[in-house]
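Q: compute the structure for the input listed below.
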Amino acid sequence: MSGRFRVRFLDTRPLRGNRPFRDLWIGTSVSQLGGQAANVAVLAQVWDLTGSPVGTGAIGLATGLPIVLFGLVGGTLADTVDRRAVVRATTAGQLLAAAGLCAQALADNRSVLLLLALVAVGTSCGALGAPARRTFPVRLLPGDQVAAGLALTNISFQAAMLAGPAMAGLIIARWDFPAAYAAQAVAMAVSMLAVIRLPAMRPDGAGAAGGRRRPERGGWRVVLGRPNLRGSLATDLAATLLAMPVALFPLVNEIRFEGNPQTLGLFLSAVAVGGITAGLLSGTVTRWRRGGLVQLAAAGVWGLALAGFGLAGPLWAALGCLAVAGAADTVSVVTRSALVQLETPDAYRGRVSSVEHVIGVAGPELGNFRGGLLASATSAPLALVVGGLSATLAIAAVAATHAPLRAYRTPSASAKPDGPPPRPAASEAAPGTAPEASVTAG
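A: Got it, this is the predicted structure:
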């Protein structure tokens, strides 16, 4: 990194010069937009059926448990069979689940259990395919464009978070829940077409004909055996499990803002405004070599900002706190993902990616369930304040007990992949993947 501070924006070369990656990016972006619309519809429909924060918190349980159960299986699949085939099959399952959500809404379903079961089916399919999908940019792009491609993926996710909830609020207000679920089904069909056009992507060692191999155990072993991986993922788990606020949005909206559905969409969009702003300037942050320290600081800001949201009275103050939280979350995700990729041996990428996926997605969903239970026993503002401050304290504890993470520096471009992962008692070793994975998106 040069001594002069420079603001850097996104590199769009992967979209200009690589058709398979461009197809993948478009399909992923559209599916993320539809997924965000469906998330708001599920949140609003469960609230309409139950009127309880425990009910909205149960959404987290219906999504978090399948991620834990199927995410790790997906990592093994990603290191065993053709990754494109895995993503094709799981995307088809997500499309069918979206169609089921649309059908139950058209039938005026009054069973929250049926609704949550369909959510769980879609989440299970997504969890099975997520580790394989995470490996696609590395296989599709030249080494010097991998980081740029992953940054573009992160930006598309943030854009979906910004536009999706607001779009869902307008769709639900005008055409009700079936239209929002139909939008997700169409989006998944677009994603399916993009995946069909991709080349075959067999993992290293699978054989020329795609023959199966039984991978060694390794995902959790790699994570536990490297202090940087262990501390980085523990930081993310503390931030999301203890401070995730989404399940509390409907209750806060009803208490302070008269339950306006457009305000509910603004809560989610405010998080995205902060996230997409940080993402557009991600080239600045990703060039700082102290990635572990940056992640710890950003995660701490996330917790404090959500505690501030719990105390905020005016709408502008609430949205401001959520925007700060969104920016901090993006910085934390980008630095965590870069560290995970650099510290993971290539042969274990699918399985370690599945561990990261389980923690990164199940943590927020289980955190929503925890928040809903706490709010039902106390109040939504108190649950937000307690959760935000608890997360900040837990992150401080991780920082205090993981000196290698605090001192971590991004390796130089000359670093080479290492061999098998160390035993759990081993100290931190050299970086574990090729240098092109130095910057990633969540």
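Q: quick check: buried residues in whichever helix or strand Thr153 is part of?
A: Applying DSSP states H and E as the criterion places Thr153 in helix 146-175. By neighbour count on 16 or more other C-beta atoms under 10 Å, the buried set for helix 146-175 is 146-172. Using the backbone N, CA and C atoms, a C-beta is placed for each residue, glycine as well.
Q: mind listing what's buried in the next helix or strand after that helix?
A: Remark: after helix 146-175, the chain's next helix or strand is helix 177-196, criterion DSSP H and E. Neighbour-count burial for helix 177-196, counted by 16+ other C-beta under 10 Å, picks out 177-185, 187-192, 194-195.
Q: so what touches helix 177-196?
A: Residues outside helix 177-196 that contact it (C-beta atoms under 8 Å, 6 or more residues apart in numbering) are 23-24, 26-28, 30-31, 33-35, 37-38, 40-41, 44-45, 84, 87-88, 91-92, 94-95, 98-99, 101-102, 105-106, 167-168, 171-172.
Q: tell me the angle of the helix ranked longest in the chain relative to helix 146-175?
A: Counting by DSSP state H, the longest helix found in the chain is helix 19-50. Computed with axes from the mean of the first three to the mean of the last three C-alpha atoms, to 10 degrees, the direction of helix 19-50 lies at 40 degrees from that of helix 146-175.
Q: buried sites along helix 19-50?
A: So for helix 19-50, counting by 16+ other C-beta under 10 Å, buried means 20-47.
Q: what of stretch 391-405?
A: 391-392, 394-395, 398-399, 402, 405.
Q: what's the closest of those residues to Asn228?
A: Leu405 (5.4 Å; C-beta to C-beta).
Q: so that closest one touches Leu229, yeah?
A: No. In this structure Leu405 lies outside contact range of Leu229 using C-beta atoms under 8 Å: 9.1 Å.
Q: what's the burial count for the closest residue to Leu128 other than its chain neighbours?
A: Closest residue to Leu128 apart from its sequence neighbours, by C-beta to C-beta, 6 or more residues apart in numbering: Gly74 at 4.2 Å. Neighbour count of Gly74, defined by other C-beta atoms under 10 Å: 30.
Q: could you list every helix and strand in contact with the helix or strand harbouring Gly74?
A: Under the criterion of DSSP H and E, Gly74 resides in helix 53-78. Identification of packing neighbours for helix 53-78 by 3 or more C-beta pairs under 8 Å, 6 or more residues apart in numbering; DSSP states H and E yields helix 19-50, helix 83-106, helix 112-134, helix 249-257, helix 349-357, helix 363-377.
Q: go again using 6 Å as the cut-off
A: helix 19-50, helix 112-134, helix 349-357, helix 363-377 (3 or more C-beta pairs under 6 Å, 6 or more residues apart in numbering; DSSP states H and E).
Q: which strands or helices does the helix holding Thr153 pack on?
A: Looks like helix 146-175 contacts helix 13-17, helix 19-50, helix 136-140, helix 177-196, helix 261-280 (3+ C-beta pairs under 6 Å, 6+ apart).
Q: and the ones you listed: which comes nearest Arg349?
A: That would be helix 136-140 among these, by C-beta to C-beta, at 7.7 Å.
Q: what does the closest one rub up against?
A: Outside helix 136-140, the residues within contact range by C-beta atoms under 6 Å, 6 or more residues apart in numbering are 20-21, 24, 146, 149-150, 201.
Q: for that helix, C-alpha coordinates in CSV please.
A: Extracted in CSV, the C-alpha atoms of helix 136-140 (Å, rounded to 0.1, in the frame of the first residue of the first chain):
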residue,chain,number,x,y,z
PHE,A,136,-17.6,-19.6,-9.3
PRO,A,137,-15.8,-16.2,-9.5
VAL,A,138,-12.4,-17.8,-8.8
ARG,A,139,-12.9,-20.3,-11.6
LEU,A,140,-14.4,-17.9,-14.2
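Q: return the set of buried residues in that helix.
A: Applying 16+ other C-beta under 10 Å to helix 136-140 flags 136-140 as buried.
Q: for it, the distance to its chain's centre please.
A: 18 Å (C-alpha atoms, centre = their mean, to the nearest Å).
Q: next one: stretch 228-241
A: Relative to its parent chain, stretch 228-241 has a centroid offset of 13 Å by C-alpha atoms, centre = their mean.
Q: average model confidence for that stretch?
A: The pLDDT scores in stretch 228-241 average 89.
Q: and Leu114, how many neighbours?
A: Leu114, neighbours per other C-beta under 10 Å, totals 14.
Q: run through the neighbouring helices and strands of the longest helix of the chain.
A: So helix 19-50, by 3+ C-beta pairs under 6 Å, 6+ apart, packs with helix 53-78, helix 112-134, helix 136-140, helix 146-175, helix 177-196.
Q: between those, which one is closest to Thr240.
A: Nearest to Thr240, of all the helices and strands packed on helix 19-50, is helix 53-78, at 10.2 Å by C-beta to C-beta.
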